[in-house]
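Peer 1: I'll drop the sequence and a predicted model, then ask my questions.
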Amino acid sequence: MKKLLSVKNIVISFAVLLVIWQIGVTVTDVKAALFPSPLQTWKALVEMAEDGTLLLGIETSMYRFAVGYIVSVVVAVLLGLLLGWFGKAFQYVNPIVQLLRPISPTAWMPFVVLWFGIGDVPAIVIIFIAAFFPVLLSTVSAVNGIDPIYLKVSKNFGIKQPALMWKVIFPAAFPQIANSIHLALGTSWIFLVAGEMVGAQSGLGYMIIDARNNIRADQLLATMIVIGLIGLILDTLLKKLEKVVLRSWGGAA
């Protein structure tokens, strides 16, 4: 029943959006070449799908995103677990983290392009930076916030490192870590597109720039919609994965 309600809500939301979009096209004096209708955008989407441009862009972007995001999350979680456990070490590392964290990932783009050139690597690096700091700091905070009773019970049962880290600390800290991984997903996907708009000649971000240069607002809007839909799908899949992991550890699903 809940799934049916969810599908119904999604259909209604998109229907309302399409109606508002069509009304905006109808009542404004903006030319169709600059503000395409939903039908024109759909035709552009079909055109890109038929000539293979859309599929190639999705494949390229998803490869870059998967590599950058997964590597970033793994490194950030592992480092966060260590720094959270060794609090004195984190006191020295934290000032550097707080200095680098507020810098927008796109601010690194000129250096990244100079160091690695144009292609997959700049986008992957930008994604890595976008996901790294939120997950790292959240993991450290999660480890520091673990209920001391877990550690006392572990000590009574003679559980020591590294089993303590993987069997007690990580599962106990996972709900908070999962929240940061979830937030980092959206941030990384946003900065992937930004990175491809500057440091790549392929992918969904590049398709936006290409459509703009060719004054194809219909293709531009179609690509934007695809980016949003992929982000929604990724978010949904990650939620399901989090529930599976929590359920396997006896947590709330």
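Peer 2: Noted; the coordinates are in hand.

Peer 1: And for the residue most central in space within the chain, nearest residue in space, chain neighbours not counted?
Peer 2: Per C-alpha atoms, centre = their mean, the C-alpha nearest to the average position across the chain is that of residue 185, at 2.2 Å. Spatial nearest neighbour of residue 185, excluding adjacent residues (C-beta to C-beta, 6 or more residues apart in numbering): residue 238 at 5.6 Å. Backbone N, C-alpha and C define where each C-beta goes, glycine included.

Peer 1: surely that neighbour meets residue 181?
Peer 2: Yes: Residue 238 lies in contact with residue 181 (C-beta atoms under 8 Å); the separation is 7.3 Å.

Peer 1: if we can go back for a sec, same question for the residue nearest to the centre of the chain, what's its three-state structure.
Peer 2: Assigned state for residue 185: helix (three-state reduction, DSSP: H, G, I helix; E, B strand; the rest coil).

Peer 1: shouldn't it be in contact with residue 239?
Peer 2: No: if you go by C-beta under 8 Å, residue 185 and residue 239 don't touch, sitting 9.8 Å apart.

Peer 1: any weak-confidence spans in the protein?
Peer 2: 1-6, 157, 199, 249-253 (pLDDT under 70).

Peer 1: all strands of it, in order?
Peer 2: When assigned using DSSP state E, the chain turns out to have no strands.

Peer 1: residue furthest from the geometric center of it?
Peer 2: Distance to centre of the chain, C-alpha atoms, centre = their mean, peaks at residue 156 (40.3 Å).

Peer 1: ok, it - contacts?
Peer 2: Applying C-beta atoms under 8 Å, 6 or more residues apart in numbering to residue 156 gives no contacts.

Peer 1: roughly how far apart are it and residue 74?
Peer 2: Separation of residue 156 from residue 74 (C-beta to C-beta, to the nearest Å) stands at 32 Å.

Peer 1: Same check on residue 21?
Peer 2: For residue 21 relative to residue 74 (C-beta to C-beta), the value is 40 Å.

Peer 1: These two: which has the busier surroundings?
Peer 2: residue 21 (16 against 11; other C-beta atoms under 10 Å).

Peer 1: Provide a list of residues in contact with the residue nearest to residue 33 when sequence neighbours are not counted.
Peer 2: Using C-beta to C-beta, 6+ apart and skipping residues adjacent in sequence, the residue nearest residue 33 is residue 217, 6.2 Å away. The neighbourhood of residue 217, defined by C-beta under 8 Å, 6+ apart, consists of 33-36, 211.

Peer 1: top of these by neighbour count?
Peer 2: residue 36 (23 neighbours).

Peer 1: Give me the nearest residue to that one, chain neighbours excluded.
Peer 2: Nearest to residue 36 is residue 218, by C-beta to C-beta, 6+ apart, at 4.0 Å.
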